[in-house]
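A.B. asks: next comes the sequence, and after it the predicted model I'd like to discuss.
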Amino acid sequence: MPEIKTVNPATEEVINTYEVMSEAEAIGALEATHRAFEDWRKLSHSDRAPYLKKIAEKLRAHKEELAELMTREVGKLYQDSLDEVDLCAAIFDYSAEAGPEKLQDETRELMNGKKRGVVTYQPIGVIYSIQPWNFPFYQPVRVLAANLMTGNGCVLKHAQICTGSALRLKEICEEAGLPKDLFNVVIIDHDTSDKIIAHDLVRGVTMTGSDKAGSHIGALAAKHLKKSVLELGSNDAFIVLDDADIETAAKFSAAGRIYNNGQTCISAKRFIVTEKNHDAFLEAFVEQMKAIEMGDPMDENTKLGPLSSQEQFEAVRDQVKESVEKGAEVLCGGEVPERTGAFYPSTVLANVTPGMPAYDDEIFGPVAAVIRAKDDADAMRIANDSRYGLGGGIFCTDEDHALQLAREEFDTGMIRINGFGLADPNMPFGGVKNSGYGREHGGFGMTEFVNAKAVFLPS
């Protein structure tokens, strides 16, 4: 059988080796999840909630172990990995607490007033979850928690480089009492994955990744009449308007660009600054980025760890090189260090224009593209000049004005004002345009894969 290896990107040491499943083995796992679903679906939402609570408890109890595993597999800073476990536990808690009310039956009056209707939210079956490596536990958890509450089963195909995290998550769930096989992990290639999507027992498909991969998976799911939810990354714009506080903008822009070693779909990537503030912002921002040193991701003093793999390192390196060849100017970073591991320095590119990877595409690493705008209106125009629309940010001291821009003009799914942050269990997560469709978190994920069933009663 073919094998895959997980490798520590900081040390280049092999962590573990896993056998790739055959098609028959993968289908067997899917069938086992469907059988577990047949019993799980019969529980009420309130009966399911304690299982989710126990998973949250188990995650917290193994927090340090799980964080170290993530850091070893993908190079995340250890503190970021600890925070990720906390977020996962919070998502299970939120789903357990909000789910029963969110999914309870609704009684509605009908047109003639003599009859009544009931809307009941019922599970549909097995949801196939295809997830990337940048948040090894959080990415599958945001799908899993919502769908367990709904009453669905879940089969996960995780990124190969964090296979250990995927298998450990399954163990944690079953150690917490989740019925065996209700959540399964398959270690498979792309061809087998396509066959899983097409299988009759899969009733929904959700995927996080590139827009190219999302286009393929979304089209295949549609071909087989399966609903899909896609979150496909972005080249998020953070705009610095005329009345922005430069110190605040530079501080949060640097934090937003290097978080998770620059490998976050909603991290700041393009920094669009009005003419009035351009030079002052650039000076403060470059100073912040220059001060960020790379190091061992397990060391609490390290601010920037390695990229997740040699392949990811080469992709970032080549995107920067092409941008520079097309006229971008490197203000800091940009040079490959001579050291073991997939390390790439915090980098600022100026004079970034359309046609460069730094302007048009998503650079999944600690590389910031600074773009000059004439004024506030021009900054918003440039921000929306993207095939993506996942997240974004606005730096502006007039909070009401920033809210108006966020509400009415910024063509993206999530917007931060005068700050940077990640997902919140109580807020929807998702994007528009080539960043995908559908929503997770905030209760929205619980209703993506349900049968909103209409029942008509005579009185």
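C.D. replies: The structure has been received and is ready for your questions.
A.B. asks: ok, which stretches of the stretch 251-400 of the chain are helices?
C.D. replies: Under the criterion DSSP state H, counting those that start in this stretch, the stretch 251-400 of the chain contains helices at 278-290, 310-325, 357-360, 376-384, 399-408.
A.B. asks: okay, those helices in JSON lines with mean pLDDT and distance to Asp236 next?
C.D. replies: Every C-beta, even on glycine, is put in place using the N, C-alpha and C of the backbone. Listed next are the helices of the stretch 251-400 of the chain as JSON lines, based on pLDDT from 0 to 100; distance: least, CB to CB, whole Å:
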{"stretch": "helix 278-290", "mean pLDDT": "98", "distance to Asp236": "16"}
{"stretch": "helix 310-325", "mean pLDDT": "98", "distance to Asp236": "16"}
{"stretch": "helix 357-360", "mean pLDDT": "98", "distance to Asp236": "13"}
{"stretch": "helix 376-384", "mean pLDDT": "98", "distance to Asp236": "9"}
{"stretch": "helix 399-408", "mean pLDDT": "97", "distance to Asp236": "13"}
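A.B. asks: pick the most deeply packed of those helices.
C.D. replies: helix 357-360 (a mean of 23; mean count of other CB atoms under 10 Å).
A.B. asks: so how far is that helix from its chain's centroid?
C.D. replies: Its chain's average C-alpha position is 21 Å from that of helix 357-360, according to CA atoms, centre = their mean, to the nearest Å.
A.B. asks: burial measure for Lys42, as a count.
C.D. replies: Using other CB atoms under 10 Å, Lys42 has 10 other residues around it.
A.B. asks: who does the least confident helix or strand in the chain by mean pLDDT pair up with?
C.D. replies: Sorting the helices and strands of the chain by mean pLDDT, DSSP states H and E puts strand 106-109 at the bottom, at a mean of 93. If you go by DSSP bridges, strand 106-109 pairs up with strand 116-123 (antiparallel).
A.B. asks: list the buried ones in the strand it pairs with?
C.D. replies: 121, 123 (16 or more other CB atoms under 10 Å).
A.B. asks: about what we covered before: just the CA coordinates for the least confident helix or strand of the chain, please, in PDB.
C.D. replies: Provided in PDB are the C-alpha atoms of strand 106-109 (Å, rounded to 0.1, in the frame of the first residue of the first chain):
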ATOM      1  CA  GLU A 106     -41.200  26.200  14.800                       C
ATOM      2  CA  THR A 107     -44.900  26.500  14.700                       C
ATOM      3  CA  ARG A 108     -46.300  28.700  12.000                       C
ATOM      4  CA  GLU A 109     -49.800  29.900  11.100                       C
END
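A.B. asks: any residues touching that strand, and which ones?
C.D. replies: 116-120 (CB atoms under 8 Å, 6 or more residues apart in numbering).
A.B. asks: TSV for those, including pLDDT?
C.D. replies: TSV is the format used below for the contacts of strand 106-109 (pLDDT from 0 to 100):
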residue	pLDDT
Arg116	90
Gly117	95
Val118	96
Val119	97
Thr120	98
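A.B. asks: in JSON lines: the residues you listed, plus distance to Arg387.
C.D. replies: Shown next, in JSON lines, are these (distance: CB to CB, whole Å):
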{"residue": "Arg116", "distance to Arg387": "47"}
{"residue": "Gly117", "distance to Arg387": "42"}
{"residue": "Val118", "distance to Arg387": "42"}
{"residue": "Val119", "distance to Arg387": "37"}
{"residue": "Thr120", "distance to Arg387": "39"}
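A.B. asks: what is the burial count for the nearest residue in space to Phe271 that is not next to it in sequence?
C.D. replies: Spatial nearest neighbour of Phe271, chain neighbours left out: Val370 (4.9 Å); criterion: CB to CB, 6 or more residues apart in numbering. By the measure other CB under 10 Å, the count of residues near Val370 is 24.
A.B. asks: equivalent analysis for Ala24, please.
C.D. replies: 9.
A.B. asks: kindly report the same for Thr71.
C.D. replies: 25.
A.B. asks: do Ala291 as well
C.D. replies: 11.
A.B. asks: next one: Asn112
C.D. replies: Neighbour tally, Asn112, other CB under 10 Å: 6.
A.B. asks: one more: Gly204?
C.D. replies: Gly204, neighbours per other CB under 10 Å, totals 23.
A.B. asks: mind checking what secondary structure it has?
C.D. replies: Using DSSP: H, G, I helix; E, B strand; the rest coil, the secondary structure recorded for Gly204 is strand.
A.B. asks: over to Lys170?
C.D. replies: helix.
A.B. asks: confidence score at it?
C.D. replies: Note on Lys170: pLDDT of 98.
A.B. asks: what's the answer for the one 10 residues further on, then?
C.D. replies: According to the prediction, Lys180 has pLDDT 98.
A.B. asks: so it touches Glu174, yeah?
C.D. replies: Yes. Between Lys180 and Glu174 there is a contact under CB atoms under 8 Å: 5.9 Å.
A.B. asks: quick one: which of these two has more around it?
C.D. replies: Per other CB under 10 Å, whichever of Lys180 and Glu174 has more neighbours is Glu174, with 16 against 13.
A.B. asks: show me the chain divided up by domain.
C.D. replies: 3-233+434-457, 237-424 (automatic domain parsing).
A.B. asks: ok, and the closest non-adjacent residue to Gly117?
C.D. replies: Arg108 (4.6 Å).
A.B. asks: show me what contacts the residue of the chain most remote from its centre?
C.D. replies: Using CA atoms, centre = their mean, the residue of the chain lying farthest from its centre is Lys114. It sits 47.2 Å away. Lys114 is in contact with Ser459, counting by CB under 8 Å, 6+ apart.
A.B. asks: coming back round to it: turn the helices of the stretch 251-400 of the chain into CSV, including distance to His190.
C.D. replies: Listed next are the helices of the stretch 251-400 of the chain as CSV, based on distance: least, CB to CB, whole Å:
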stretch, distance to His190
helix 278-290, 36
helix 310-325, 15
helix 357-360, 25
helix 376-384, 33
helix 399-408, 38
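A.B. asks: out of these, which is closest to Asn260?
C.D. replies: Nearest to Asn260 among the helices of the stretch 251-400 of the chain is helix 310-325 (12.1 Å), distances taken as CB to CB.
A.B. asks: residues making contact with the closest one?
C.D. replies: The contact list for helix 310-325 (CB under 8 Å, 6+ apart) reads 9, 12, 262-263, 306-307, 330, 334, 336, 342-344, 347, 349, 352, 356-359, 361, 363-365, 367, 369.
A.B. asks: how does it look with 7 Å?
C.D. replies: Helix 310-325 is contacted from outside by 307, 330, 334, 336, 342, 344, 347, 349, 352, 356-358, 361, 363-365, 367, using CB atoms under 7 Å, 6 or more residues apart in numbering.
A.B. asks: among the residues you listed, which are in strands?
C.D. replies: Using DSSP state E, the members of the contacts of helix 310-325 that fall within strands are 330, 347, 349, 367.
A.B. asks: out of those, which end up buried?
C.D. replies: 330, 347, 349, 367.
A.B. asks: thank you kindly, that will do.
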